[in-house]
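*Asks:* build me a model:
(chains A and B)
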There are 2 protein chains.
Amino acid sequence: MLALLGATASWAQAHSAQEEANRQAVLAFYEKGLNQKDADAALKYVGDRYVQHNPNAADGPEGFRQFIAFLRDKAPASHSEIKKSFVDGDFVILHVHSVRTPGTRGNAIVDIFRLEHGKIVEHWDTVQPIPETSANANSMF
Amino acid sequence: MLALLGATASWAQAHSAQEEANRQAVLAFYEKGLNQKDADAALKYVGDRYVQHNPNAADGPEGFRQFIAFLRDKAPASHSEIKKSFVDGDFVILHVHSVRTPGTRGNAIVDIFRLEHGKIVEHWDTVQPIPETSANANSMF
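*Replies:* Just a heads-up that it's a prediction; the model follows:
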């Protein structure tokens, strides 16, 4: 068993099938919801609850529906580009460049999703407007 | 080999020794730097460069020293509490509640660190002030 553990060490950066399925679920949820603005399609990736920690969004799937309706109405051309995705067990983390109005600098966002049985059940995020100037030349991504 | 892959699937949430070492390096860097405000001690966990994406910080180890000096001078009682940590290959991600002045709500932060050979070489973050009120009862953490 120890030999087996040793043999698997180099695979650690490859993820389990469940972790990859979790990543794909979150990527699809994000694309269907935030970009295509199709809340019903996105909510197929959500489980029996959606615990919301974003302070601007109401709890639950209904809060997500309201947010997508807001985007359709007020920011129909908004777009979120996923710059990086990470997986760790039940969690998927996205580093995102989100632009509400094309041509503006937009926000840098990190989203954290928790999944159960391959479905999204909880969400946290932190959102920072990208400033006009930076103390370094590396961009926020 | 397929059987072996199947057998390892349930271990996936355990991390490789390198991933755990990466996590411990980042946790120590954060505690020594952000909380103890000892830049020299923190920089022992940094590699031959420190590529900075936080737009308020200058690039490189010197930018980090300047930030810690700022904290010592302007926010000596500031404290960062790590709420969650994630690891994925060369990356460590922290979800942090950072309070500059005790008694204030502070910021919700996600930090992303990239490591090479167990040393931190790159950093991104997104920082959001915690608002006074929230549309849900779940807090930002």
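
*Asks:* wait, is A:L34 part of a helix?
*Replies:* Yes - judged by DSSP: H, G, I helix; E, B strand; the rest coil, A:L34 forms part of a helix.

*Asks:* please report how far it lies from A:H123.
*Replies:* Look at A:L34 and A:H123: by CB to CB, to the nearest Å, they are 12 Å apart. Every C-beta, even on glycine, is put in place using the N, C-alpha and C of the backbone.

*Asks:* ranges for the strands of chain A?
*Replies:* A:46-52, A:79-88, A:91-99, A:107-116, A:119-129 (DSSP state E).

*Asks:* Throw these into TSV and include distance to chain B, thanks.
*Replies:* Below are the strands of chain A laid out as TSV (distance: least, CB to the nearest CB, whole Å):
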stretch	distance to chain B
strand A:46-52	5
strand A:79-88	4
strand A:91-99	5
strand A:107-116	4
strand A:119-129	4
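
*Asks:* kindly reformat those strands as a markdown table containing mean pLDDT and distance to B:Q128.
*Replies:* Shown next, in a markdown table, are these (pLDDT from 0 to 100; distance: least, CB to CB, whole Å):
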| stretch | mean pLDDT | distance to B:Q128 |
| --- | --- | --- |
| strand A:46-52 | 97 | 15 |
| strand A:79-88 | 98 | 16 |
| strand A:91-99 | 98 | 13 |
| strand A:107-116 | 98 | 9 |
| strand A:119-129 | 98 | 4 |
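
*Asks:* so which of the ones you listed gets nearest B:V110?
*Replies:* Among these, strand A:107-116 comes nearest to B:V110, with 3.7 Å by CB to CB.

*Asks:* run through the neighbouring helices and strands of the closest one.
*Replies:* On a contact count with 3 or more CB pairs under 8 Å, 6 or more residues apart in numbering or on different chains; DSSP states H and E, strand A:107-116 meets helix A:17-30, strand A:91-99, strand A:119-129, strand B:107-116, strand B:119-129.

*Asks:* and it, which residues are buried?
*Replies:* A:107-115 (16 or more other CB atoms under 10 Å in any protein chain shown).

*Asks:* partner strands of that strand, parallel or antiparallel?
*Replies:* Note on strand A:107-116: by DSSP bridges, its sheet partners are strand A:91-99 (antiparallel), strand A:119-129 (antiparallel).

*Asks:* can I get the first one as CSV, trimmed to CA atoms?
*Replies:* To tie it back to what came earlier, the one meant is strand A:91-99. Extracted in CSV, the C-alpha atoms of strand A:91-99 (Å, rounded to 0.1, in the frame of the first residue of the first chain):
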residue,chain,number,x,y,z
PHE,A,91,-14.7,22.8,-3.8
VAL,A,92,-14.2,24.5,-7.2
ILE,A,93,-12.5,27.9,-7.3
LEU,A,94,-12.7,30.3,-10.3
HIS,A,95,-10.6,33.4,-11.0
VAL,A,96,-12.8,35.6,-13.2
HIS,A,97,-12.6,38.8,-15.2
SER,A,98,-16.2,40.1,-15.2
VAL,A,99,-17.2,43.0,-17.4
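
*Asks:* residues making contact with that strand?
*Replies:* A:22-23, A:25-26, A:30, A:34, A:78-87, A:105-115, A:127, A:130, A:140-141, B:84, B:86, B:88, B:93, B:110, B:112, B:124 (CB atoms under 8 Å, 6 or more residues apart in numbering or on different chains).

*Asks:* what of stretch A:101-111?
*Replies:* Counting by CB under 8 Å, 6+ apart, A:30, A:75, A:77-80, A:93-100, A:123-132, A:140-141, B:93, B:110, B:112, B:124, B:126 sit against stretch A:101-111.

*Asks:* do that again at 6 Å, thanks
*Replies:* Residues outside stretch A:101-111 that contact it (CB atoms under 6 Å, 6 or more residues apart in numbering or on different chains) are A:77, A:94-99, A:125-130, A:140, B:110, B:126.

*Asks:* if any of these are buried, put those into a ChimeraX selection.
*Replies:* The following ChimeraX line selects those of those that are buried, judged by 16+ other CB under 10 Å:
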select /A:94,95,96,97,98,99,125,126,127,128,130,140 /B:110,126
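
*Asks:* so of the contacts of stretch A:101-111, which two are at opposite extremes in space?
*Replies:* A:A77 and B:V110 (26.3 Å).

*Asks:* who's in contact with A:P55?
*Replies:* A:P55 neighbours (CB under 6 Å, 6+ apart): B:131, B:134.

*Asks:* about what we covered before: what's the closest of the helices and strands packed on strand A:107-116 to B:P61?
*Replies:* Here strand B:119-129 is closest among these (CB to CB), at 10.1 Å.
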